[in-house]
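Student: Sequence and predicted model, in that order:
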Amino acid sequence: MHALLARAAELAADYRATLADRPVARPVDSAALRAGFGGPLPDGPSPPSEVLEQLARAAEPGLVATAGPRFFGFVIGGALPAATAADVLAAGWDQNGFNAVLSPAAAAAEDVAGAWLKELLGIPATASAGFVTGGQAANTAGLAAARHHVLAEAGWDVERDGLAGAPRVRVVASEERHATVDRALRLLGFGTRAVEPVAAGPQGAIDVGDLARVCAAGSGPLIVCLQAGNVNTGACDDLRAAREAAGGAWIHLDGAFGLWAAAGPETRALLDGVELADSWACDGHKWLNVPYDSGFVFCARPDVHAAAIAYRAAYLTGAGEVSGMGDLTLESSRRARGFAVWAALRELGRDGVAELVGRCCRLARRFARALADGGAEIANDVVLNQVLVSFGDDTDAVIRKVQDDGTCWLGGTTWRGRRYLRISVSGWSTTEADVDRSAAAILRLAGQ
């Protein structure tokens with residue numbers, strides 16, 4: 001086992017050492033890639049060392065350098081060194097992060113890291129913190145807590161009686177909300193038709209005046225979904241004004257990447273009023289740069305959070321479980337995500353997180369200036385790490401050329417009826433030189 005894990009670490013380290021120089025992505029022959037993994041299932045066992053080498057060879061042609069300095073798609077960060085090493089340890093330790101009985105160490109790491117996260121993000125220290133897979137799971141858990149609370153306030157036990165016959169819950173959300181909010185509403189039984197849409201302003205932040213109008217247009221249990229970090233523009237809702245407009249509604253804040261703005265002095269004002277929400281969703285594998293998969297759900301009412309999510313079983317009774325961990329997430333069997341989060345926060349410290357957030361925002365503005373100087377249209381105010389770029393009718397062709405070229409990688413998006421390159425600067429290792437090299441490649445390819 002010692003030699004096997006040492007070899008796995010060596011292969012991983014060798015790969016990471018190539019990230020700055022290798023093509024970010026390459027055209028892939030899918031049939032050949034699958035053939036490398038394929039063939040008939042062996043009848044007998046294979047030596048683990050041989051399996052490891054076969055896996056490394058088979059995967060190499062299909063690896064995308066998402067952990068590298070020039071991957072600008074999907075708001076993906078590249079895992080920090082300490083977080084990567086911590087995840088290697090976590091795999092070796094093989095801890096089940098369900099409760100403190102199964103892993104006292106995992107419970108302690110999550111408890112401490114959760115407190116650090118709340119401090120950085122401006123969330124009340126008394127809030128609960130669940131370590132989930134990502135923004136989708138965080139939105140689902142946060143909205144489950146919202147569902148429990150607003151229906152309990154109306155005298156309905158949704159966990160016992162379901163939604164059939166329950167008071168109708170109003171869900172008010174921006175027309176610019178992320179699609180994971182809609183999927184969470186589907187999974188929770190509300191359906192997407194439950195959404196009462198609110199207009200958004202020019203940059204995609206919610207129109208507070210329209211929010212007040214929509215909230216006042218009906219009665220009954222009310223959930224309001226707000227956003228920190230529009231997926232296209234990076235715009236953040238005016239949280240303090242939205243809290244006032246929403247009255248006594250439960251406010252769920254989807255802050256998959258934008259919630260990290262609270263950790264940086266240059267961007268903190270965008271999150272003024274963040275503490276006024278009732279539940280929060282955030283990712284770790286985006287701007288915190290921890291390995292996939294890692295996300296967080298926070299709730300201002302820990303008892304409500306646990307009531308909506310937790311379950312009990314006879315074999316768990318008397319096992320010494322404590323509230324938290326499995327009571328706050330949708331999985332019973334889950335890896336101990338807190339180790340990598342703890343390691344990332346310990347490596348960076350408060351100042352390091354602030355510097356990471358600020359630097360990515362500055363690099364995004366640098367990207368926008370370089371492309372604008374080269375004749376591209378920048379569609380958004382670059383307030384965080386998102387840049388929308390248009391080359392007119394050639395936009396999709398430019399996206400394809402950039403992805404095939406390999407200098408950098410970015411995706412496309414449709415925003416308000418137009419196609420754009422969508423650039424997300426989220427990686428800890430990205431430098432000014434990486435941005436300049438990538439912008440030059442984009443302009444060169446657009447010129448073709």
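Tutor: Looks like it arrived, so ask away. Numbering: from 1, shown residues only.
Student: Beyond the strand or helix carrying Cys225, next helix or strand please.
Tutor: Remark: Cys225 resides in strand 222-227, with elements defined by DSSP states H and E. Using DSSP H and E, the helix or strand that follows strand 222-227 in sequence is helix 239-246.
Student: and the angle from the helix or strand that comes right after that next one to helix 239-246?
Tutor: Counting by DSSP H and E, the next helix or strand C-terminal to helix 239-246 is strand 250-254. Using axes from the mean of the first three to the mean of the last three Cα atoms, to 10 degrees, one finds that strand 250-254 and helix 239-246 are set 150 degrees apart in direction.
Student: Check the offset of the strand holding Cys225 from the chain's centre.
Tutor: Between the mean C-alpha point of strand 222-227 and the mean C-alpha point of its chain there is a distance of 18 Å (Cα atoms, centre = their mean, to the nearest Å).
Student: mind exporting that strand as CSV, just the C-alpha atoms?
Tutor: Coordinates of the C-alpha atoms in strand 222-227 are reproduced here as CSV (Å, rounded to 0.1, in the frame of the first residue of the first chain):
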residue,chain,number,x,y,z
LEU,A,222,-43.4,33.2,1.3
ILE,A,223,-39.9,32.3,0.2
VAL,A,224,-37.7,34.8,-1.6
CYS,A,225,-34.6,33.7,-3.5
LEU,A,226,-31.8,36.2,-3.9
GLN,A,227,-28.5,36.0,-5.6
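Student: what's it in contact with?
Tutor: With contacts defined as Cβ atoms under 8 Å, 6 or more residues apart in numbering, strand 222-227 is touched by 143, 146-147, 150, 169-174, 176-178, 181, 205-206, 211, 215, 236-237, 239, 242, 246-255, 258, 277. Any C-beta I mention is one placed from the backbone N, CA and C, and that applies to glycine too.
Student: So for that strand, mean pLDDT?
Tutor: This predicted structure assigns strand 222-227 an average pLDDT of 98.
Student: Which neighbours in the sheet does it have, and how are they oriented?
Tutor: If you go by DSSP bridges, strand 222-227 pairs up with strand 170-174 (parallel), strand 250-254 (parallel).
Student: Adding mean neighbour count and mean pLDDT, write those strands out as JSON lines.
Tutor: Listed next are the strands paired with strand 222-227 as JSON lines, based on neighbours: other Cβ atoms under 10 Å; pLDDT from 0 to 100:
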{"stretch": "strand 170-174", "mean neighbour count": "25", "mean pLDDT": "98"}
{"stretch": "strand 250-254", "mean neighbour count": "27", "mean pLDDT": "98"}
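Student: okay if I get those strands as TSV plus distance to Ile378?
Tutor: As requested, the strands paired with strand 222-227 are arranged in TSV below (distance: least, Cβ to Cβ, whole Å):
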stretch	distance to Ile378
strand 170-174	23
strand 250-254	25
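Student: closest one to Ala8 among those strands?
Tutor: Evaluated over these, closeness to Ala8 peaks at strand 250-254, with 36.1 Å, by Cβ to Cβ.
Student: and the next element down the chain from that closest one?
Tutor: Trace forward from strand 250-254 with DSSP H and E and the next one is strand 279-283.
Student: for the record, mean pLDDT for that next one?
Tutor: Averaged across strand 279-283, pLDDT comes to 98.
Student: any idea of the angle that strand forms with strand 222-227?
Tutor: Counting by the same axes, to 10 degrees, strand 279-283 lies at 30 degrees to strand 222-227.
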